[in-house]
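Peer 1: Structure here, sequence nowhere to be found:
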């Protein structure tokens, strides 16, 4: 085979793979937008609220590194802010490092004094990404289990 044909074939395969990935990501974003609207929330593909440092500090997986927040669904309620998002993080040491993607959620009180610590809930890792969003949204709708107890001392 002539090297130019080989180069052309590799370029075509790369282009096709990129288009397929772009279409899959677009469908996923449309589905997440639909979930957000159905729950009266907003959707952003990036961490425009700069949650990553706070999430990394409170992340429930010991040893998780390089935490990133993506595909953020959020809203403000009367007493708290509600967030559901994709958390990408690395676990393991040296050669056994593994990049993981899971959906996480937490509520953050609007009171600045109570914002230091909050509980992050993670979805079942065996579900597909959109199903993880749906499961956390359903559990949040059934109960306010995502809200940390701020009235314990009242």
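Peer 2: Yes, it's here. This is a predicted model, so every value here is computed, not measured.
Peer 1: mind listing the strands in this structure by residue range?
Peer 2: Secondary structure of the chain (DSSP state E): strands located at 42-44, 65-76, 80-91, 98-109, 121-122.
Peer 1: Deepest in the core, which of those is it.
Peer 2: Neighbour counts (mean count of other CB atoms under 10 Å) averaged over each of the strands of the chain peak at strand 80-91, with a mean of 21. All C-beta atoms are positioned from the backbone trio N, CA, C, and that covers glycine.
Peer 1: starting at the chain centroid, how far to that one?
Peer 2: The chain centre lies 4 Å from the centre of strand 80-91; the measure is CA atoms, centre = their mean, to the nearest Å.
Peer 1: who touches stretch 98-110?
Peer 2: With contacts defined as CB atoms under 8 Å, 6 or more residues apart in numbering, stretch 98-110 is touched by 54-55, 58, 76-77, 79-92, 115, 118-123, 125, 129, 132-133, 135-136, 140, 144, 146-148, 150.
Peer 1: remind me which residues of this structure are low pLDDT?
Peer 2: 112-116, 140-154 (pLDDT under 70).
Peer 1: Pick out the residue nearest the middle of it.
Peer 2: The centre of the chain sits closest to residue 86, judged by CA atoms, centre = their mean, with a distance of 1.1 Å.
Peer 1: can I assume that residue is in contact with residue 55?
Peer 2: No. Using CB atoms under 8 Å as the test, residue 86 is too far from residue 55 to be in contact (10.9 Å).
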